[in-house]
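**Student:** here is the input, now give the coordinates:
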Amino acid sequence: MNTEFDYIVVGAGSAGAVLAARLSEDPKTRVLLLEAGPPDDSFWIHLPIGYGKTMWSKKYNWCFHTDPDPNMNGRRIYWPRGKTLGGSSSINGLIYIRGQHEDYDRWVEAGNPGWSAKDVLPYFRKSESNQRGANAYHGDSGPLAVSDIGDKSPLIEAFIAGAGELGVPRNDDFNGAQQLGAGYYQLTTRKGWRCSTAKGYLKPARQRSNLTVITEAQATRVLMDGTRAVGVAYRQGGAGGAMREARAKREVLLSAGAIQSPQLLQLSGIGPAAWLKQHGIDVVVDLPGVGENLQDHLQIRLIFESTQPTTNDDLNSWFGQAKLGWQWLTRRAGPLAVGINQGGCFMHALPDEAKTPDIQFHVATLSADMAGGKVHPFSGFTLSVCQLRPESRGHIRIRSTDPFEPPEMQPNYLSTDLDRRTAVAAVRAARAIAASSAMAPLVKREVKPGPSADSDEALLQFCRDNGATIFHPSGTCAMGPDPQAGAVLDARLRVHGVQGLRVIDCSAMPTLVSGNTSAPAVMMAEKAVDMIREDNGHA
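**Tutor:** Sure thing, here's the model as predicted:
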């Protein structure tokens, strides 16, 4: 194999697959894409509801756990992350959300020109093939398919009406003029199948002779010549596999995600000098912010038993399973085609403190002890709620020089007063919707947290005992103008103090967007491709 390329992309996930596909559109540009996991050849990856299987698959999922979090009663939180072509876009809940316009304007205010809502909208539109067609906010010819949920659900309709009783309007497009409201989510699906970035972007691009894709190739470090990135070392073939190197004539592009991109930088001598020296790593560039600024959405799941049958009933019987299978086979419809969370809501938990919605709901027509877990034996549904812009900050730090040892992951959930008060208010908001005249007839009982948990103290304890990730770790290689203030990247996603190296994934977010992170990761990669071409003189 030729070991020299123009660009090496590390990680074939939500961002990396986009980078490789777009950069290889130029036949004169040679691109290598390295993916630590196997090909996306599992049926369960492509069936929308299949993430209940891939959620626990060590073949397609890193199956990380955080370190014990002192704010969560010392619990270790399960953090699934995609390990296959498409990365987390191959195992996620399929929800297409961009965040609020103000999120991106806030990035500009923090010293990152070019990332305003107006600046990023063209890249969202470019990436998207929306079932509804093109308009001022949406595109209809991009690689990423975005579809409506076909069949309306009585439970979701009741939730939307219940939110309306609290003054939250119905919203048929959370990615349009405003995010506020309750409604159905759009999903990254096409005709009942998942559309990951591997499916939408990478599959057609792999026909090109100038794109090389290597799976089961885990990067171990960035090769440096002084302060210039010149290639990547990687292990091919899993445990016991051969160690190899590849060279990049132009740039190395890290898209390994908010956990492993900072890990790779630290292993390569780029990060907090004191921490690197503690592990015997020669410091190439002292960047205190590498691995810091970790942010995530903490998911609080309220479980209800329903007076009416739910998807639990179908999944708990052979007849019900056959019915769901028939719906999917004949119409590409039903729960198998839409995953788990069908509807949602963006609203204010603390309206006197938040100018824009500060919490998000994911409403599932089934219930389980955790996302992707075995459904309960009763008719159940879930109101899951998270704080959109947490103040809590954690970190990612290597434990050793072993690139195959997972790093220290400390989210520090609920470590600020605002986050604790928002969590409690979010639970109360969920209860208020459940108690509305529209939803109350569907509620037989509140299973979790249960009516005995009523005080703020009891509800906060419930959040500490039961809160989990909703899979949006971000911010660990943050964009910003000042490296000594914690910035890792400049506004063009270049690593401060290093030539030929960028980080393009959710770790680059200076602050977490107000919603799901897959669509923003795709947008960031689309925008990065234009910047890479401009900076390398082949725009």
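**Student:** quick one: residues contacting K199.
**Tutor:** With contact set as CB atoms under 8 Å, 6 or more residues apart in numbering, K199 has these partners: D40, H46, G86, W193. To be clear about C-beta, it is placed using only N, CA and C from the backbone, and glycine gets the same treatment.
**Student:** from those, keep the buried residues only.
**Tutor:** Among the contacts of K199, those scoring as buried are D40, H46, G86, W193 (criterion: 16 or more other CB atoms under 10 Å).
**Student:** sitting in strands, which of these do you find?
**Tutor:** Among those, the members found in strands (DSSP state E) are W193.
**Student:** H65: which of the buried ones among the contacts of K199 is nearest?
**Tutor:** Nearest to H65 among the buried ones among the contacts of K199, counting by CB to CB, is G86 at 22.6 Å.
**Student:** go ahead and confirm that closest one touches D40.
**Tutor:** Yes - contact criterion CB atoms under 8 Å: G86 and D40 qualify, at 5.2 Å.
**Student:** got any residues that touch both of the two?
**Tutor:** Listed contacts common to G86 and D40 are S196, A198, K199; contacts here mean CB under 8 Å, 6+ apart.
**Student:** filter these down to the ones in strands?
**Tutor:** Counting by DSSP E, none of the members of these fall within strands.
**Student:** same list (these) but as CSV, adding distance to G240 and pLDDT.
**Tutor:** Shown next, in CSV, are these (distance: CB to CB, whole Å; pLDDT from 0 to 100):
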residue, distance to G240, pLDDT
S196, 29, 98
A198, 26, 98
K199, 31, 98
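**Student:** format the residues you listed as JSON lines; extra columns: distance to A508.
**Tutor:** Below are the shared contacts of G86 and D40 laid out as JSON lines (distance: CB to CB, whole Å):
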{"residue": "S196", "distance to A508": "20"}
{"residue": "A198", "distance to A508": "21"}
{"residue": "K199", "distance to A508": "24"}
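**Student:** G11: which of these is nearest?
**Tutor:** Relative to G11, the closest of the shared contacts of G86 and D40 is A198; by CB to CB it sits at 11.7 Å.
**Student:** excluding its backbone neighbours, what's nearest that closest one?
**Tutor:** Nearest residue to A198, sequence neighbours excluded (CB to CB, 6 or more residues apart in numbering): G86, at 3.3 Å.
**Student:** identify the residues contacting the one you found.
**Tutor:** A12, G13, S14, A17, D40, I45, S196, T197, A198, K199, L202.
**Student:** show me what F304 bridges to in the sheet.
**Tutor:** Counting by DSSP bridges, F304 is bridged to F381, E446.
**Student:** thought it was touching F378?
**Tutor:** No - counting by CB under 8 Å, F304 does not reach F378; the two are 9.8 Å apart.
**Student:** with neighbour numbers in mind, choose between these two.
**Tutor:** Remark: of F304 and F378, F304 carries more neighbours, 25 against 17, as counted by other CB atoms under 10 Å.
**Student:** what about the strands in the stretch 1-150 of the chain?
**Tutor:** For the stretch 1-150 of the chain, the strands defined by DSSP state E, counting those that start in this stretch occupy 4-10, 31-34, 64-65, 78-79, 128-130, 144-146.
**Student:** of those, which is nearest D505?
**Tutor:** Closest to D505 of the strands of the stretch 1-150 of the chain, according to CB to CB: strand 4-10, at 9.8 Å.
**Student:** what lines up beside that closest one in the sheet?
**Tutor:** Strand 4-10 has the following strand partners under DSSP bridges: strand 31-34 (parallel), strand 242-254 (parallel).
**Student:** which residue ranges of the stretch 101-250 of the chain form helices?
**Tutor:** 101-109, 117-127, 154-165, 197, 203-205 (DSSP state H, counting those that start in this stretch).
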